[in-house]
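I'll drop the sequence and a predicted model, then ask my questions.
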Amino acid sequence: MGVSGAGKSTIGAMLAQVMNAHFLDADGYHPQSNKDKMKAGIPLTDEDRFPWLETLRDALRVSLVNGETVILGCSALQKHYRQILRCADPDYVPAAASYASCAVNFLLLSVDAEVLAARLEKRAAHFMPAKLLQSQLDLLQIDESERILKVDASLHPHQTLKAIQALICSNLPHLSPNHQS
């Protein structure tokens with residue numbers, strides 16, 4: 001998870017490959033109306049985001065029910081957005097709010113605003129313009145109780161990947177490649 005330019009698509013695809021998992025890029029699930037809005041420099045509203053998040057939740061649920069590991073590259077900027085995605089776990093009970101037992105975990109790709117802006121300026125073919133970066137940074141909400149892992153994604157993608165793999169091994173050992181079921 002993270003704001004635009006954090007590396008969700010690049011790092012997510014790399015992580016899925018090393019974990020032998022499916023990769024879902026949330027950008028591909030946006031309806032054209034959302035893409036058009038962003039391309040025009042208009043930030044999305046919750047009304048724009050909720051159907052998109054529900055579609056992502058449903059895609060995640062299919063993978064989880066089938067026993068598959070899936071990596072989703074998604075902004076998931078606010079706690080209530082992440083709650084929608086957590087509900088992909090058929091055993092998750094939102095009222096209980098036990099994030100530790102939820103099959104849906106989050107990792108924040110943390111990058112300084114200056115680095116993000118530079119990355120977005122170089123990215124020509126994407127529908128998300130650099131001028132919307134600040135709106136995403138303003139929306140980003142991290143609640144320590146959610147147990148969101150965090151990694152410095154301003155590093156080279158391979159270094160970021162190694163840091164993520166170390167975090168997974170120490171914090172989510174059941175997802176580690178060396179884990180025995």
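Nice, thanks for sending it over.

Helix or strand: which one has residue 108?
According to DSSP states H and E, residue 108 maps onto strand 107-110.

Which residues does that strand contact?
1-2, 6-8, 11, 142, 148-154, 160, 164, 167 (Cβ atoms under 8 Å, 6 or more residues apart in numbering). For every residue, glycine as well, the C-beta is placed using N, CA and C.

Derive a ChimeraX selection command for the buried subset of these.
The ChimeraX selection below is limited to those of the contacts of strand 107-110 classed as buried (16 or more other Cβ atoms under 10 Å):
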select :1,2,6,7,8,11,142,148,149,151,153,154,160,164
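
Pull the number of nearby residues for the closest residue to residue 16 other than its chain neighbours.
Closest residue in space to residue 16, ignoring its immediate chain neighbours: residue 23 at 3.6 Å, by Cβ to Cβ, 6 or more residues apart in numbering. Using other Cβ atoms under 10 Å, the number of residues around residue 23 comes to 16.

which stretches of this protein aren't confidently modelled?
96-98, 123-131, 173-181 (pLDDT under 70).

Break down the chain into its helices, ranges please.
8-18, 32-39, 46-65, 79-86, 113-122, 133-139, 157-171 (DSSP state H).

For those, please prepare a markdown table with the additional fields distance to residue 95.
Below are the helices of the chain laid out as a markdown table (distance: least, Cβ to Cβ, whole Å):
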| stretch | distance to residue 95 |
| --- | --- |
| helix 8-18 | 29 |
| helix 32-39 | 30 |
| helix 46-65 | 17 |
| helix 79-86 | 11 |
| helix 113-122 | 36 |
| helix 133-139 | 25 |
| helix 157-171 | 25 |
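
wait, which of those helices is closest to residue 72?
Among the helices of the chain, helix 46-65 comes nearest to residue 72, with 6.2 Å by Cβ to Cβ.

who touches the closest one?
With Cβ under 8 Å, 6+ apart as the criterion, helix 46-65 contacts 22, 24, 26, 29-31, 33-34, 37, 69-70, 72, 74, 81, 84-85, 87-90, 103-104.

again, 7 Å this time
Helix 46-65 is contacted from outside by 22, 24, 26, 29-31, 34, 37, 70, 72, 74, 81, 84-85, 87-90, 103-104, using Cβ atoms under 7 Å, 6 or more residues apart in numbering.

Drop anything exposed from the residues you listed.
22, 24, 26, 29-30, 34, 37, 70, 72, 74, 81, 84-85, 87-89, 103-104.
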